[in-house]
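# I would like the atomic coordinates for the input below:
(one chain, ligands or ions: 2)
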Amino acid sequence: MLAWRVRRPSTAPYPGFEAREEPTPRPERGELLIRVRACGVCRTDLHVVEGDLPPHRPGVVPGHEVVGEVVDVAEGATGFAPSDLVGVAWLRGTCGRCHYCRRGAENLCPLSVYTGWDADGGYAGFVTAPAAYAHRLPSGYTDAELAPLLCAGIIGYRALKRAELPDAGRLGIYGFGASAHLAAQVALARGATVHVFTRSASARELALKLGAGSAGGATDPPPEPLDAAILFAPVGTLVPPALAALDRGGTLALAGIHLTDIPVLDYQRHLFQERQLRSVTANTRADAREFLAIAAEHPLKVVTTPYPLDRADRALADLAAGRVDGAAVLIP
Ligand SMILES: [Zn+2]
Ligand SMILES: [Zn+2]
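Ligands and ions are numbered 1, 2, ... in the order given. The predicted structure is shown next:
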């Protein structure tokens, strides 16, 4: 099979990121062997390939939005059979015993491991994954449309929960890529008014098409005060304008796993009046199940840009340069 491995961190055009033919992996106890049908390209993959995230497994294969077909079920793996359609997401394992796991916050487990960071992911012809962390997928979507639901969708949904948007509230979304365009649709389906802030003219156009109330530049003031906001762009300088855009008691959730430095905040303008600033850390399996159930019930419009698997480097370069509308998806 073809597999892309991070030999050393590098930036576009990614000389340290190499595709080679190699043997198909074997599933270990509790795992599924999956033939990859589509794998989404997430910004986190870019952080792994460029070295913003410290390497966890040398030479790792990135990719944690995997849609595939089960081809083998190892001993101890339950819930799936050969030829089932399955989704593999970022969260790959937790200890199940620590106090975070026991209180339902497995996303905070200090022993958690991740697909495409601690273990090889889906930028390949085949992948193995623990059955206990694999997902059933909603019908009504193509393979390419399903892929971005598995991280962009799930993380966007968790960020929306962390932003505590009240019913029919006013939501600001900063940055409008794969995750944001899905979270926006979930909020709109629940009666929210959504205001989008992004430097990309084509993303602003997409936002309006999906039903956003307004779409402006990245640091524009909102047309009305916001009850909640989510920062999807990994840009710390957007934190002060996003906090300033909140109404009293509003919450800003930071959706990214990596953020550039946040400038000095002004207590009166940015935090006083009980404005809240919160991070979002990965997701639980319960978040994933809830979001995939929403996607089954409300058909989401998933904007994708397909790339052949052997052009993964190109897909990452386009994502880094902001040239991708919606979600880039690799098709083996
Ligand atoms: Zn744990
Ligand atoms: Zn991701």
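# residue of the stretch 51-200 of the chain closest to ligand 2, please.
Ranking the residues of the stretch 51-200 of the chain by distance to ligand 2 (Cβ to the ion) places Cys151 first, at 3.1 Å. (Glycine included, C-beta is placed from N, CA and C.)
# just to be sure, that residue is in a strand?
No - read with DSSP: H, G, I helix; E, B strand; the rest coil, Cys151 is helix and lies in no strand.
# all helices of the stretch 51-200 of the chain, in order?
99-102, 143-148, 154-162, 178-189 (DSSP state H, counting those that start in this stretch).
# tally up the residues packed near the residue of the stretch 151-300 of the chain found nearest ligand 1, please.
Closest contact between the stretch 151-300 of the chain and ligand 1, by Cβ to the ion, is at Thr284 (11.1 Å). When neighbours are defined as other Cβ atoms under 10 Å, Thr284 has 20 of them.
# wouldn't it be in contact with Arg103 here?
No - with contacts counted by Cβ atoms under 8 Å, Thr284 stays clear of Arg103, the gap being 10.8 Å.
# in this protein, where's the longest strand?
Ranked by residue count, the top strand of the chain under DSSP state E comes out as strand 31-41.
# quick one: mean pLDDT for that one?
Taken as a whole, strand 31-41 carries a mean pLDDT of 98.
# around ligand 1, pick out the residues from this protein.
Within reach of ligand 1 by Cβ under 5 Å from the ion, the chain has these residues: 94-95, 98, 101, 109.
# reformat those as JSON lines; add neighbour count and pLDDT.
Shown next, in JSON lines, are the residues of the chain next to ligand 1 (neighbours: other Cβ atoms under 10 Å; pLDDT from 0 to 100):
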{"residue": "Thr94", "neighbour count": "23", "pLDDT": "98"}
{"residue": "Cys95", "neighbour count": "14", "pLDDT": "98"}
{"residue": "Cys98", "neighbour count": "16", "pLDDT": "98"}
{"residue": "Cys101", "neighbour count": "19", "pLDDT": "98"}
{"residue": "Cys109", "neighbour count": "21", "pLDDT": "98"}
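# quick check: the two most widely separated of the residues you listed?
Based on Cβ to Cβ, the longest span within those runs between Thr94 and Cys98 and measures 8.1 Å.
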